[in-house]
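No sequence on hand, only this structure:
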């Protein structure tokens, strides 16, 4: 069955891609879960117009994120977390926490799935992460400080 993804979906594809998936997977999982819609002619036209609108928003957002990351205090995003005696964090810092702190500091909201890290940050120090906004990838320095 041909579907149009309306959300980024792990192991399936990115938003607005047209995919051919098993009927059962589409009808029982993707469509009811609001991850996809059937790829009809009318849906394809609607999605194309939404895609164009999102591209212009994405371009403006990527420019704004780039400007804001350059103006961060000390050029990096500082995140605090509780640590033990050895300096290891009790809870790892995931994409969700980074997005939340970025919004607090800059006022710009970025999606968690646009933050690219291999695994959760579990220690104190500086880490270079990537933020994918539209077709651009921006480097961001994250400093993790420990609190007791």
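It's in. Computed from a predicted model, the values in this text were never measured in an experiment.

Near the closest residue to residue 9 other than its chain neighbours, how many residues? Count them for me, please.
Residue nearest to residue 9 in three dimensions, not counting chain neighbours: residue 35, with 4.9 Å by CB to CB, 6 or more residues apart in numbering. Using the backbone N, CA and C atoms, a C-beta is placed for each residue, glycine as well. For residue 35, the count of nearby residues is 18 (other CB atoms under 10 Å).

for residue 47, same thing?
For residue 47, the count of nearby residues is 20 (other CB under 10 Å).

wouldn't it be in contact with residue 16 here?
Yes. With contacts counted by CB atoms under 8 Å, residue 47 reaches residue 16, the gap being 5.9 Å.

quick one: common contacting residues for those two?
Shared contacts of residue 47 and residue 16, defined by CB atoms under 8 Å, 6 or more residues apart in numbering, are found at 4, 6.

on that earlier part again, what's the residue nearest to residue 9 in contact with, if anything?
5-7, 9, 12, 29.

Repeat that for residue 9.
Shown in contact with residue 9 (CB under 8 Å, 6+ apart): 30, 35-36.

can you redo the residues you listed as a markdown table with secondary structure and pLDDT?
Putting those into a markdown table (DSSP: H, G, I helix; E, B strand; the rest coil; pLDDT from 0 to 100) gives the following:
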| residue | secondary structure | pLDDT |
| --- | --- | --- |
| 30 | helix | 93 |
| 35 | coil | 92 |
| 36 | strand | 92 |
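
Pick the one among those residues closest to residue 119.
Nearest to residue 119 out of the contacts of residue 9 is residue 35 (CB to CB; 24.7 Å).

Next one: residue 107 from residue 115, what distance?
Between residue 107 and residue 115 the computed distance is 17 Å (CB to CB, to the nearest Å).

Looking at the two, which has the bigger crowd around it?
More neighbours surround residue 115 than the other of residue 107 and residue 115, with 20 against 9 (other CB under 10 Å).

just to revisit the earlier point, let's see if you can find the most crowded of the contacts of residue 35.
Highest neighbour count within these: residue 5, with 21 neighbours (other CB under 10 Å).

Dig out what it forms beta bridges with.
Beta bridges link residue 5 to residue 36, judged by DSSP bridges.

Could I get the full set of strands for the chain?
2-5, 18-20, 36-38, 77-82, 88-93, 115-116, 121-123, 125-133, 136-147 (DSSP state E).
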